[in-house]
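A.B. asks: Show me how the following folds:
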Amino acid sequence: MRRHRPQRARPIDVPAGPAVETVIEAVGGEGDGIAPGPLYAPFTLPGERVRLAPGPQRREVEAILAPSPQRVTPPCPHFGVCGGCALQHWEHGAYLAWKVERLVRTLARERIETQILPAFAAAPGARRRLALHARQGRKDAARLGFKTRKSWDVVDIAACPIADPALEAALPAMRRLAAPLFEHPKSAPTLHVTLTSTGLDIDITGVERKSGGLSADARMRLAETAAEADFARVTLDGEIAYLARQPTVRFGPATVALPAGSFLQAVPEAEALMTAIAAEAAASAERIADLFCGAGAFTFRLAEVAPVLAADGAAPAIAALQAGVATAPGLHGITAQARDLVRRPVLAEEMKRIDTVVFDPPRAGAAEQAAEIARSGVSRAIGVSCNPATFVRDARTLIDAGFRLERLKPVDQFLWSPHVELVGVFNR
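C.D. replies: Residues are numbered from 1 along each chain as shown. Coordinates of the predicted model:
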């Protein structure tokens with residue numbers, strides 16, 4: 001998924017009602033239980049009898065009167081207060097089946113049927129990327145964590161069971177790192193932290209800069225803390241504040257220097273699975289296009305199969321991809337372009353020699369690019385998506401042009417959240 005988070009749909013406001021005892025019928029798209037009315041209740045499960053507090057449609061739970069046999073003890077001490085996870089209280093098999101069922105229902109809206117492969121589920125402790133919000137705390141340590149439920153305040157987390165242990169262990173040092181960022185009262189920093197092959201890479205956004213940005217003293221403290229913690233790199237909106245080692249990642253056979261703030265799949269095992277599916281589906285290709293390619297997570301695996309045209313709107317990512325080619329001899333060849341694929345999609349005429357396309361767009365999907373793929377002579381398309389709704393829209397464009405969605409792999413990369421990702425293979 002890309003860095004930005006989707007806006008949540010809100011139920012229509014209705015007048016507040018009294019407390020009520022009711023039965024939860026289903027779990028909705030945000031992870032809340034749904035009772036007749038409809039009423040929405042967080043941290044509830046299908047079949048549970050609950051007492052809901054007075055309020056509008058979205059209610060707090062006063063008591064679980066009859067718990068579901070699928071209810072389990074959440075592993076995180078911050079669950080219920082932290083807004084980061086919604087579904088830790090649900091038995092894993094039922095939780096995963098719910099995600100797959102939601103995906104099937106989304107496909108059904110466009111009358112799309114296909115083979116649904118067994119879902120991949122990320123394990124706890126697998127996330128290599130976190131976005132941690134900082135708020136002013138003590139002079140030597142900020143408060144750091146995720147936003148609380150229904151608030152802009154922050155839960156100062158002591159543990160995070162979704163995070164790689166190296167990220168969890170670095171929380172105290174990151175609190176110290178964030179301490180000098182509050183010289184201006186309007187600063188609301190976010191630390192985008194990534195575990196790379198050479199250490200932690202931290203890009204800080206949300207520091208007020210209209211008043212001149214951080215002072216020399218604050219920058220000095222930032223660099224000293226980063227050195228003490230042995231972070232690889234710290235940047236402020238992409239501008240280097242501290243650099244000990246260039247952060248790098250492995251994409252198949254290549255080593256790529258990661259641009260500051262660059263997109264990267266959150267879980268390495270999910271990335272490996274998705275790129276393997278794409279490479280297998282493209283095994284007989286003669287020429288491939290990798291669209292919305294980022295820094296090359298799919299590109300280098302695909303270039304082991306056939307020559308690849310790689311395109312993405314992020315020029316730093318394309319530059320990193322091009323530099324990474326030198327680290328992976330023996331590939332079939334990569335041509336990379338920095339290109340806004342929304343305003344300037346790769347046209348059907350430009351795909352005359354291409355038989356296979358991989359596309360991995362942001363949450364908004366690839367409407368313009370899908371139209372060009374549909375118009376082209378491409379015989380195989382592999383779609384990767386973090387948003388089933390826009391994937392289904394783009395899939396309908398391809399299907400109407402003669403493609404068949406042969407199979408689809410659900411990918412639960414964002415554990416205990418309502419989000420589900422996927423890889424779909426089209427042929428015509």
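A.B. asks: now the strands for the stretch 1-150 of the chain?
C.D. replies: Taking DSSP state E, counting those that start in this stretch as the test, the strands found in the stretch 1-150 of the chain are 20-23, 26-27, 33-35, 39-41, 49-52, 61-66, 115-116, 120-121, 129-138, 141-147.
A.B. asks: Quick one: residues in contact with stretch 183-196.
C.D. replies: 3, 128-135, 142, 144, 164, 166-167, 170, 174, 177-178, 181-182, 200-208, 211, 214-215, 218, 232, 247-249, 258, 261, 264 (C-beta atoms under 8 Å, 6 or more residues apart in numbering). Quick note: C-beta positions are derived from backbone N, CA and C, even for glycine.
A.B. asks: Filter the residues you listed down to the buried ones.
C.D. replies: When neighbours are counted using 16 or more other C-beta atoms under 10 Å, the contacts of stretch 183-196 contain these buried positions: 128-130, 132-135, 142, 144, 164, 167, 170, 174, 177-178, 181-182, 200-208, 214, 218, 232, 247-249, 258, 261, 264.
A.B. asks: Just the ones of these in strands?
C.D. replies: Using DSSP state E, 129-130, 132-135, 142, 144, 200-205, 248-249 are the members of the buried ones among the contacts of stretch 183-196 that sit in strands.
A.B. asks: and the two most separated of those residues?
C.D. replies: Distance extremes for those: the farthest pair is 135 and 248 at 31.7 Å, using C-beta to C-beta.
A.B. asks: biggest helix in this structure by residues?
C.D. replies: helix 92-109 (DSSP state H).
A.B. asks: If you count neighbours, what's buried in it?
C.D. replies: Within helix 92-109, judged by 16+ other C-beta under 10 Å, the buried ones are 94, 95, 96, 98, 99, 100, 102, 103, 104, 106, 107.
A.B. asks: got it, and stretch 243-252?
C.D. replies: 243, 247, 248, 249, 250, 251, 252.
A.B. asks: now those in CSV, with distance to residue 345 and pLDDT?
C.D. replies: Output for the buried residues of stretch 243-252, formatted as CSV (distance: C-beta to C-beta, whole Å; pLDDT from 0 to 100):
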residue, distance to residue 345, pLDDT
243, 36, 97
247, 31, 98
248, 31, 98
249, 27, 97
250, 30, 97
251, 24, 97
252, 26, 94
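A.B. asks: for the residues you listed, which one is nearest residue 301?
C.D. replies: For those, the nearest to residue 301 is residue 252 (4.2 Å; C-beta to C-beta).
A.B. asks: Would you agree that closest one is in contact with residue 301?
C.D. replies: Yes: using C-beta atoms under 8 Å, residue 252 is in contact with residue 301, at 4.2 Å.
A.B. asks: Mind listing the shared neighbours of those two?
C.D. replies: Applying C-beta under 8 Å, 6+ apart, one finds that residue 252 and residue 301 are jointly contacted by residue 275.
A.B. asks: dump the residue contacts of the residue lying closest to residue 400 once chain neighbours are set aside.
C.D. replies: Nearest residue to residue 400 in three dimensions, chain neighbours excluded: residue 374, at 7.1 Å (C-beta to C-beta, 6 or more residues apart in numbering). Neighbouring residues of residue 374 by C-beta under 8 Å, 6+ apart: 397, 398, 400, 401, 403.
A.B. asks: Neighbours of the first one, how many?
C.D. replies: Yep, that's residue 397 we're talking about. 20 (other C-beta atoms under 10 Å).
A.B. asks: Hmm, residue 367 and it touching each other?
C.D. replies: Yes: counting by C-beta under 8 Å, residue 397 touches residue 367, with 7.3 Å between them.
A.B. asks: just for this protein, where's the confidence low?
C.D. replies: Residue ranges of the chain with pLDDT under 70: 1-15, 210-212.
A.B. asks: same thing but at 80, please
C.D. replies: For the chain, applying pLDDT under 80 flags the ranges 1-17, 150-152, 185, 208-213.
A.B. asks: Before I go, just wanted to say thanks for your time.
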